[in-house]
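Visitor: 3D, please:
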Amino acid sequence: MSQLFYLADLFGVAVFAITGALMAGRKSMDLFGVLVIAIITALGGGTLRDVILDNHPVSWIRNDTYILVASLAAVGTVIWVRLTRPIHEKGLLIADAFGLAVFTVIGTEVALQYAMPSSTAVIMGIMTGVAGGVMRDVICNEIPLIFKKEIYATACLAGAVTFVLMRMLETPHWLDTGISMLVVLAIRLAAIRWRFSLPRFHLLDRD
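Guide: Numbers count the residues shown, from 1 in each chain. Next comes the predicted model:
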């Protein structure tokens, strides 16, 4: 199972690196800028999680495969877009949704492995999923997706809670992982497709 999580982690790194490269391309950055944004997007959430959990050295320092995968994904994205055609915003959002699903579950699992309380594990899952994308958007002078109208962090919350509950029920680990990722992915893709959103809070001025 650890090997499966490692491969899923690398997949998440690649997908988030692609979203970072696409965002950098929308901002007309050079190749160095593309690599920087891609790596920050791919590794930012996991790095923050590991620092908070005192998991040192962080994953990409222990294993340079993470940097390599992020860099190759970024360069591959640049080549693909140059040889074919630009990927529109919806493509960026869909790729982000896949990375969100993978990283949310991995972040929750890592916290549980450190014997953290369930609430902490859920928070670590959400943070692992959204932090890299927030860093990407802030650096690129965009409003982070987490602060936009459509459901985003709520999808992470649902997936992380699902994973924690299924772990408590001691169902097969692969089943916990798959279903929890599907929960995040399904909610996020539905939000993109039908623009689902949470109720907004309006503070009205009173005379």
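Visitor: Now tell me what touches stretch 153-171 from outside.
Guide: Contacts with stretch 153-171, where a contact means Cβ atoms under 8 Å, 6 or more residues apart in numbering, come from 97, 100-101, 104-105, 107-109, 112, 118, 121-122, 125-126, 129-130, 146, 175-177, 179-181, 183-185, 187-188, 191, 198. In this view, the C-beta of every residue, glycine as well, is placed from N, C-alpha and C.
Visitor: Leaving out the residues flanking it, which one is nearest to Leu10?
Guide: In this structure, Leu10 finds its nearest non-sequential neighbour in Val69, 5.3 Å apart by Cβ to Cβ, 6 or more residues apart in numbering.
Visitor: scratch that, Leu53
Guide: Tyr114 (5.4 Å).
Visitor: what are the phi and psi angles of the one you found?
Guide: When read as degrees, to the nearest 10, the backbone of Tyr114 gives phi -90, psi 10.
Visitor: thinking it is in contact with Asn55, fair?
Guide: Yes: look at Tyr114 against Asn55 with Cβ atoms under 8 Å: they come within range, at 7.2 Å.
Visitor: Looking at these two, which is more packed in?
Guide: Set Tyr114 next to Asn55 and count neighbours by other Cβ atoms under 10 Å: Asn55 wins out with 17 against 13.
Visitor: Relative to Met29, how far out is the more buried one?
Guide: From Asn55 across to Met29, the span is 31 Å (Cβ to Cβ, to the nearest Å).
Visitor: ok, how many other residues are close to the residue nearest to Leu10?
Guide: Using other Cβ under 10 Å: Val69 sits among 20 other residues.
Visitor: again, but for the one 4 residues further on
Guide: The criterion is other Cβ under 10 Å. On that basis, Ala73 has 24 neighbouring residues.
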